[in-house]
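J.: Structure for this input, please:
(one chain, ligands or ions: 1)
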Amino acid sequence: MAAPDGLRYQKIPLTHGSGAIPALGFGTLIPDPVATRQATKAALETGFRHFDCSERYRNEREVGDAMREVFEAGKIRRQEVFVTTKLWNNNHRPERVKPAFEASRQRLQLEDVDCYLVHTPFAFQPGEEQDPRDGQGQVIYDSGVTLVETWRALERLVDEGRCKAIGLSNVNLEKLREVVDAARIKPAVVEVESHPYLPEWELLDYCRQQGIVLLAFAALGHAMEPRLLDDPVIVAIANRLSKTPAQVVLAWAVQRGTALLTTSVTPNRIQENFELSPIPEDAMQEIRDKVATRVRFNTVVGTGVPGFIPRAR
Ligand SMILES: NC(=O)c1ccc[n+]([C@@H]2O[C@H](COP(=O)([O-])OP(=O)(O)OC[C@H]3O[C@@H](n4cnc5c(N)ncnc54)[C@H](OP(=O)(O)O)[C@@H]3O)[C@@H](O)[C@H]2O)c1
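T.: Next up is the predicted model:
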């Protein structure tokens, strides 16, 4: 194993929560339960120490099984791993927050959770249905609860000691400001889509000023077209530095001060994504100046309807 000083081990202290979040995170948005379990175990064994989960992914139990198996084998301790999970849109009513959190925690088979996020700022009709629709197939939103009311319920979870930090996901700057201004416990983490095709510099600047960690999802562009990993600027840097395009993009994310999430069900890619080392300042600047494409791959931020979850299970 490499010396514990590389990018792969970098941690960002949480200003508004306890502890520190490893910059390099592994996402568990994996539709197949068997693949979820295998990938989570492989990622832990490879060295990933930060895992991103959600009740919406419907696989917290498989993630929990994989973690438990690895912890029980004795090589990795629970305390070494940072685990985030998220509240889904049908649970925004304050009285639904704690039961949803407890259900996630139990599926993950953990005593506590390091970070709990509001998955999107959109409240859906309260109930068990994660994707409530009317007769015309339109999403049924819930106008009876505000994001700040939901946030207050998350603050209470921190007070009760079952989660160490709280945050938001899929918010724009305006929504984030609204919560920051009203919060007693400020968001420790904001999870949004971000990569060189969607750098979100303005949001990142605001997060820096407020001591909030920007956690970038789809860090490799989610393997969608236009393919970030085929971008000529990225490929040229990768060739020059004898790295893969994925390693260049992930190093860029850590070096500009964000945490990130990447996902793979392929063991050699999990290894590749973990094998990070710094890229030089001129490469950082080249990505900022020369990558001109701008794409948002995930539409969840506009509607609350997940863009990357392929099918209901
Ligand atoms: N908060 C939210 O609303 C939200 C939304 C989306 C995602 N997320 C989180 O962010 C995580 C990461 O998002 P993402 O899945 O879009 O991540 P991503 O890493 O950008 O994309 C994953 C895709 O890239 C491929 N890939 C991974 N490593 C590669 C490599 N080294 N070379 C070439 N291709 C590679 C994977 O293929 P294989 O698996 O086939 O190897 C997979 O198809 C999710 O799992 C989830 O936890 C959160």
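J.: Tell me the spacing between the residue lying closest to Ala100 once chain neighbours are set aside and the ligand.
T.: Counting by Cβ to Cβ, 6 or more residues apart in numbering, Ala100 lies nearest to Asn91, which is 3.9 Å off, once chain neighbours are set aside. All C-beta atoms are positioned from the backbone trio N, CA, C, and that covers glycine. Using Cβ to the nearest ligand atom, to the nearest Å, Asn91 is found at 15 Å from the ligand.
J.: Verify the stated contact: Asn91 with Val97.
T.: Yes. Here Asn91 reaches Val97: they are 6.3 Å apart, a contact under Cβ atoms under 8 Å.
J.: Which of the two has more residues huddled nearby?
T.: In terms of neighbours (other Cβ atoms under 10 Å), Asn91 is the more surrounded of Asn91 and Val97; the figures are 28 against 22.
J.: residues contacting the more buried one?
T.: Counting by Cβ atoms under 8 Å, 6 or more residues apart in numbering, Asn91 makes contact with 55, 97, 99-100, 126.
J.: Can you select the buried ones from those in ChimeraX?
T.: Of the contacts of Asn91, the buried ones can be selected in ChimeraX as follows, counting by 16 or more other Cβ atoms under 10 Å:
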select :55,97,100,126
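J.: count of residues packed around the closest residue to the ligand within the chain?
T.: The minimum distance from the chain to the ligand, using Cβ to the nearest ligand atom, falls at Gly27 (2.1 Å). Residues lying near Gly27 (other Cβ under 10 Å) number 25.
J.: for it, which residues make a bridge with it?
T.: Asp52 (DSSP bridges).
J.: ok, it - contacts?
T.: Taking Cβ under 8 Å, 6+ apart as the test, what Gly27 contacts is 51-52, 217, 261-263.
J.: how near is it to Ala43?
T.: Look at Gly27 and Ala43: by Cβ to Cβ, to the nearest Å, they are 9 Å apart.
J.: Now do the shared contacts for these two.
T.: Phe51.
J.: Just checking the distance from stretch 120-128 to the centre of its chain.
T.: 19 Å (Cα atoms, centre = their mean, to the nearest Å).
J.: residues in contact with that stretch?
T.: Here stretch 120-128 has contacts from 88-93, 96, 130-132, 139-145, 147, 150, 168-171, 175, 300-301, 303-304, using Cβ under 8 Å, 6+ apart.
J.: Stretch 289-296 too?
T.: Outside stretch 289-296, the residues that touch it by Cβ under 8 Å, 6+ apart are 193, 196-198, 221, 226, 231, 233-234.
J.: contacting residues for the closest residue to Leu228 other than its chain neighbours?
T.: Of all residues beyond its chain neighbours, the one nearest Leu228 is Gly221 (3.2 Å), with distances taken as Cβ to Cβ, 6+ apart. The contact partners of Gly221, by Cβ under 8 Å, 6+ apart, come to 195, 197, 227-229, 249, 295, 297.
J.: returning to that earlier point: give me the subset of the contacts of stretch 120-128 that lies in strands.
T.: With strands taken from DSSP state E, the overlap with these comprises 168-169.
J.: Please tell me how far Asp52 sits from Ala216.
T.: Applying Cβ to Cβ, the value for Asp52 to Ala216 is 11 Å.
J.: Now do the SS call for the residue sitting furthest away from the middle of the chain.
T.: Relative to the C-alpha centroid of the chain, counting by Cα atoms, centre = their mean, Gly135 is the outermost residue, at 32.9 Å. Counting by DSSP: H, G, I helix; E, B strand; the rest coil, the backbone at Gly135 sits in coil.
J.: Could you tell me how many residues sit around Pro226?
T.: Pro226, neighbours per other Cβ under 10 Å, totals 11.
J.: ok, back up a step: any idea which of the contacts of Gly221 is closest to Gly74?
T.: Val249 (34.4 Å; Cβ to Cβ).
J.: Tally up the residues packed near the closest one, please.
T.: Counted with other Cβ under 10 Å, residues neighbouring Val249 total 28.
J.: Just the pLDDT for the closest residue to His92 other than its chain neighbours.
T.: For His92, ignoring the flanking residues on the chain, the nearest one in space by Cβ to Cβ, 6+ apart is Ala123 at 3.8 Å. Predicted confidence (pLDDT) for Ala123: 98.
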